[in-house]
Structures are given as C-alpha cells and as structure tokens.
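J.: model this:
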Amino acid sequence: MSLPYMPLYVTDYEGDTAHLSLEEDGIYNRLLRLCWRTPGCSIPDDPAWIARHMRIDAASFEAKVRPILDEFFTRDKARLCNPRLVKEFERITTTSKKRSEAGKLGGRPAKALKANDEAAKPGISKAQAKQNHPDPESESRFRGADDESISRKKPATALPADWRPSPDFIAVAVDKHLSERSARIEAEKFKNHALERDRRCVDWKAAWRNWVIKAIEFNPDLDEKRRDYVRGWSRM
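T.: Residues are numbered from 1 along each chain as shown. The predicted model follows:
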C-alpha cells in the first residue's frame, strides 16, 4: 500500500541530518521517498535496482549513496529500510485502515475509534476514555426525540395551480374584519403571487394569515371598524 503523503518531523529530521551536506541531504530525502512508495516501506538491497530508481550511475551510487545507506538504513532479509520511517508508515497505515472500515459502516464507529485511541495513551484508562467519548447509540437515545422531530419536519411545497380558498381560509380573513368578497379578492392575489414567484411554503395557511394582516394594514379604503382592528393589532 502506497500512501499519498509522508510525515516530516522537522525538528527530529534536522537533528539527525545537521551534519550532512546539501547533496547528501537530497540523497537521503530521495531514499526516504523511494522507500515510502515501495510496498512494505523498504527497498531491495540491490545496488543496481537502487541506482536505476535513483537515476544515477554505479560510480555515483558507491561514492554518494552507499554511505547514506550505511548510516541511516538497516538490512534485513535482502531489504533496506529506515526504522523511523517504517514506524510512521505502519502507524499511518493502521489509522487509515481503521477510518476506511468506519466509513464503510456509515461512520458510526468513528467515536469508538477515537475512544480507543485515547485509551491507548499513557495514564488514561479505557473507562476514562469511554466517559470522554460516549457510545454513539447511548447519545442517540438522549437525542432521539429531537432527531425524530427534525426528521418529521414537513417539506416546503408549492401552491397547487388549481388552488381555491377553502371556507376555513375565508373564515381567517372574515375574522379579521374583511368582507367575504374582499377575502376572495385577496385570495386570488395571494394565489397569483405564489404561482408567479414559484414560492415554496411549509404552512400555506400561516402564509395566508400573514397575507391577510398585510392586506388590512396597507389597504387605504378600510372602514372605521377595520381601522380600529388594525390600530389594536399594531399596538400588540
């Protein structure tokens, strides 16, 4: 598995390589990248293979690359590796696999994974980690009512093109001192406005109530009874 990124702990790196020349530093860094991209984070202990992948000739390998290999790499079963690099490779590979597996399950184990990571830290028990990172199913029981209400929220809909005000819609307007004739005129305006603007609404009856209030408020031909109603409503 070849990971697309390689960590670089700058302080540690500079502490280990401060004695290298600019060219030696470049060779070491290229060797690290070559190992990182090779399966198992190790390369064959084969000068010809390394020279070919480093894009150098045999003489340059012996004079410049071999001293770096001898200083920073270990040999095991005909392979060369950098111990610190292998450690970081295994750590990141393990974490990546865990996150991938959690993702396949819809992300539900993510908090449990974090809790396990916390539990692995020195001085933190599994019980403490579980306290800090509660089980997702337990959390869902506490949030269940809210989540359920959110999931049941009515979707916004368009007003049907053949909409006609029902008696209860007309009653809303009449209750606010509009005549039935005026209520039907306002209902036609209400419908035309909604269709023209392609409005979407969760509660069309509430939208109608607001429309009626504004119609009364901005109508210059109100009779005295309705004027008294508007004055009382505006002071609320």
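
J.: secondary structure class for Ile56?
T.: Classification of Ile56 using DSSP: H, G, I helix; E, B strand; the rest coil returns coil.

J.: ok, it - contacts?
T.: By CB atoms under 8 Å, 6 or more residues apart in numbering, the residues touching Ile56 are 64-65. (Each C-beta comes from the backbone N, C-alpha and C, glycine too.)

J.: What's the first helix or strand after the helix or strand harbouring Asn192?
T.: In this assignment (DSSP states H and E), Asn192 forms part of helix 180-196. Using DSSP H and E, the helix or strand that follows helix 180-196 towards the C-terminus is strand 200-201.

J.: List the contacts of Phe190.
T.: Taking CB under 8 Å, 6+ apart, we find Phe190 in contact with 207-208, 211.

J.: care to break this protein down by domain?
T.: 1-123, 157-234 (automatic domain parsing).

J.: Grab the nearest non-local neighbour of Leu69.
T.: Nearest residue to Leu69, sequence neighbours excluded (CB to CB, 6 or more residues apart in numbering): Leu80, at 6.2 Å.

J.: The one you found should be in a strand, yeah?
T.: Yes - applying three-state DSSP, one finds Leu80 inside a strand.

J.: Can you get me a residue count around it?
T.: For Leu80, the number of neighbouring residues by other CB atoms under 10 Å comes to 20.

J.: Isn't it up against Phe73?
T.: Yes - between Leu80 and Phe73 there is a contact at 4.7 Å, judged by CB atoms under 8 Å.

J.: Of the contacts of Phe190, which is the nearest to Glu23?
T.: Checking the contacts of Phe190 against Glu23 with CB to CB, the nearest one is Ala207 at 75.0 Å.

J.: Pull out the buried positions in the host helix or strand of the closest one.
T.: Per DSSP H and E, Ala207 falls inside helix 204-218. When neighbours are counted by 16 or more other CB atoms under 10 Å, the buried residues of helix 204-218 are found to be 204, 207-209, 211-213, 215-216.

J.: Then stretch 163-175?
T.: Applying 16+ other CB under 10 Å to stretch 163-175 flags 165, 169-170, 172-173 as buried.

J.: Give me the contacts around that stretch.
T.: Stretch 163-175 has contacts (CB under 8 Å, 6+ apart) with 180, 182-184, 186-187, 191, 205, 208-209, 212.

J.: Could you do stretch 68-77 as well?
T.: Stretch 68-77 has contacts (CB under 8 Å, 6+ apart) with 16, 24, 27-28, 31, 42, 45, 50, 80-83.
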